[in-house]
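K.L.:
Need coordinates for the below:
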Amino acid sequence: MATKPVSHRSILGQARDFFDDFAGSRPARFALIIFAILVLVFTLLLGLPISNRTGDVTPLVDAFFTAVSVICVTGLATVDMATYWSPFGHAVIFIGVEIGAAGVLTVASILGLVISRRLGLRAKLMAAGDSNPLRIQKGPVAEGQAVRLGDIGGLLVTVAVSMLVIEIVIALLLFPRVLPESDGFLDALWVSSYFSVMTFTNTGFVLSPGGLDPFAADPWFLGVMMLSVFLGAIGFPVIYAIARNLRKPKRWSVHVKLTLVTTTLLFVLGTLAFFGLEYSNPDTFGAMDAGQSALQAAFLSMMTRSGGFATIDIADLNGSSLLVADMLMFVGGGSASTAGGIKVTTLAILFLAAFAEARGSESMEAFDRRIPSDVLRIAVSIVLWGATTVATATILIAQITDAPLDLVLFDVISAFATCGLSTGLTIEAPDSAQYVLAATMFLGRIGTVTLAAALAASTRRQLFRRAEERPIVG
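P.N.:
Just a heads-up that it's a prediction; the model follows:
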């Protein structure tokens, strides 16, 4: 009588196979699961009495909100981050920010590498999805991407090495300015490292109770912070491409060029807007000379792109400046970066489509390259999902808090774009509003395209085409 062969596969081996199969076939849903698990783990860690400076159990809303803000590298908080958490709590936050900055899909790919003991095709697909949302979609993908599939192994190394090197360099540049304001060499080293990590990851948490007050007028300190935020916001694929072809910009892809050009343009326009709108405001730039006003305007322009640090009270800005900040935050930084928002390349694609339509051209072009129409569909989807998320959260929080609309809209967009700037509404809002903001941060960080792919009921290809009919538009 024949007997069924006994499997000698270990439980760990079977779990690894299941992990590899599920991660490869459903990368978006797998990323959501990983992300949710990280939030849960850090909620539990921050809820421990050892994480609280008073030794008490942290309330669930504060532990959960902080965990989401940490993993989303946002910077919004419901407590005073400098005084509420113990050294253990700050260490947990420090580690969580680094994990969140690496990107959900990239972290998932690294886990896949560790468990599968190799960087296989499926793990590469997951990492490529983080560097380019088009990789999530089934079907042919246009060539000329920022990072090709075969380069993903190098990209993962670039993520780890670039984070470490840049953060160390930034910390060393900040150290001489931090030392006079600290309680010794070790304290200055910790504070400068903390600032370095929080700026490069575009998080915005501040360790010292005085915040940026000791450095608010220091051009060197603020300039280094802006540089760190910029490097974190342009995206790892851009850093990777520039590192490979630093002296050959002609070899840079369209994605790299669009990211750099659009980021620089938005920074300059934001600086000019804040300088002109706040120059006569006595609560912000009015008491400063022209040089300091220009410095503060540049700093605010960079930080509203996702940096999250502020040298002034955001609530003191004019309504017009708040609106400019809303627009800059909504756009955010580069794809596969530590910044949030709809991304600068999304905005660039929309403008290129509008210019092509105005010229009567059938295709979008940039830097002597044609951009396929499916990229435009992805860009429109991102903007619509982002606008819907912001509108829904704004309506809910406005109803809950009865606060002025401009303040509610600012904090909601800051949460969606994982920026971290606040008018003071977040810390004063009731628990229900803080949960809504936490959900907004979650949706903003994981990416609207990833969320849509994860929640899609079917990914089948449609093998037929219906009859065409044109509705009236405009």
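
K.L.:
just checking, what packs against the longest helix seen in the chain?
P.N.:
When secondary structure is assigned using DSSP state H, the longest helix within the chain turns out to be helix 373-401. Judged by 3 or more CB pairs under 8 Å, 6 or more residues apart in numbering; DSSP states H and E, the packing partners of helix 373-401 are helix 344-359, strand 364-366, helix 405-416, helix 431-446, helix 448-455. C-betas here are computed from N, CA, C, even on glycine.

K.L.:
Report the buried residues of it.
P.N.:
Counting neighbours by 16 or more other CB atoms under 10 Å, one finds that the buried residues in helix 373-401 are 375-376, 378-379, 382-383, 385-386, 389-390, 393-394, 396-398, 400-401.

K.L.:
swap in stretch 417-425?
P.N.:
For stretch 417-425, by 16+ other CB under 10 Å, it's 417-423, 425.

K.L.:
now, which of those residues sits nearest Gly308?
P.N.:
For those, the closest approach to Gly308 (CB to CB) belongs to Gly420, at 2.7 Å.

K.L.:
Three-state assignment for that closest one, please.
P.N.:
At Gly420 the chain is in coil, as set by DSSP: H, G, I helix; E, B strand; the rest coil.

K.L.:
again, but for the one 3 residues further on
P.N.:
Of the three states, Thr423 takes coil under three-state DSSP.

K.L.:
give the contact list for it.
P.N.:
By CB atoms under 8 Å, 6 or more residues apart in numbering, Thr423 lies in contact with 314-315, 322, 407, 410-411.

K.L.:
The same query, at a cut-off of 10 Å, please.
P.N.:
313-317, 322, 325, 403-404, 406-411, 414 (CB atoms under 10 Å, 6 or more residues apart in numbering).

K.L.:
so where does Phe64 fall, helix or strand?
P.N.:
helix 60-71 (DSSP states H and E).

K.L.:
buried set for that helix?
P.N.:
Result for helix 60-71 [16+ other CB under 10 Å]: buried residues 61-71.

K.L.:
After it, which helix or strand is next?
P.N.:
Using DSSP H and E, the first helix or strand after helix 60-71 is helix 81-84.

K.L.:
Show me what that next one is packed against.
P.N.:
Counting contacts by 3 or more CB pairs under 10 Å, 6 or more residues apart in numbering; DSSP states H and E, helix 81-84 is packed against helix 60-71, helix 87-101.

K.L.:
Nearest approach to Ser10 belongs to which of the ones you listed?
P.N.:
Between the helices and strands packed on helix 81-84, helix 87-101 lies closest to Ser10; by CB to CB that is 28.2 Å.

K.L.:
how about the helices of the stretch 51-200 of the chain, start to end?
P.N.:
Counting by DSSP state H, counting those that start in this stretch, the stretch 51-200 of the chain has helices at residues 60-71, 81-84, 87-101, 104-116, 121-131, 152-178, 185-200.

K.L.:
Could you list the low-confidence segments of the protein?
P.N.:
Scanning the chain for pLDDT under 70 picks out the ranges 1-9, 12-30, 103-158, 447-464, 473-474.

K.L.:
So Asp313 sits against Leu300, correct?
P.N.:
No - taking contacts as CB atoms under 10 Å, Asp313 lies outside contact range of Leu300: 11.8 Å.

K.L.:
neighbour count winner among those two?
P.N.:
Between Asp313 and Leu300, Leu300 has the larger neighbour count (other CB atoms under 10 Å), namely 30 against 11.

K.L.:
excluding its backbone neighbours, what's nearest that one?
P.N.:
Sequence neighbours aside, Phe274 is the residue nearest to Leu300 in space, at 5.1 Å (criterion: CB to CB, 6 or more residues apart in numbering).

K.L.:
what's the answer for Leu437, then?
P.N.:
That would be Ala415: by CB to CB, 6+ apart, it lies 4.7 Å from Leu437.

K.L.:
what about that neighbour, neighbour count?
P.N.:
Other residues close to Ala415 by other CB under 10 Å number 35.

K.L.:
Kindly provide the distance from it to Asp289.
P.N.:
Relative to Asp289, Ala415 is positioned 35 Å away (criterion: CB to CB, to the nearest Å).

K.L.:
before we move on, the earlier item: just the buried residues of the contacts of Thr423.
P.N.:
For the contacts of Thr423, a burial check counting by 16+ other CB under 10 Å picks out 314, 317, 322, 325, 403, 407-411, 414.
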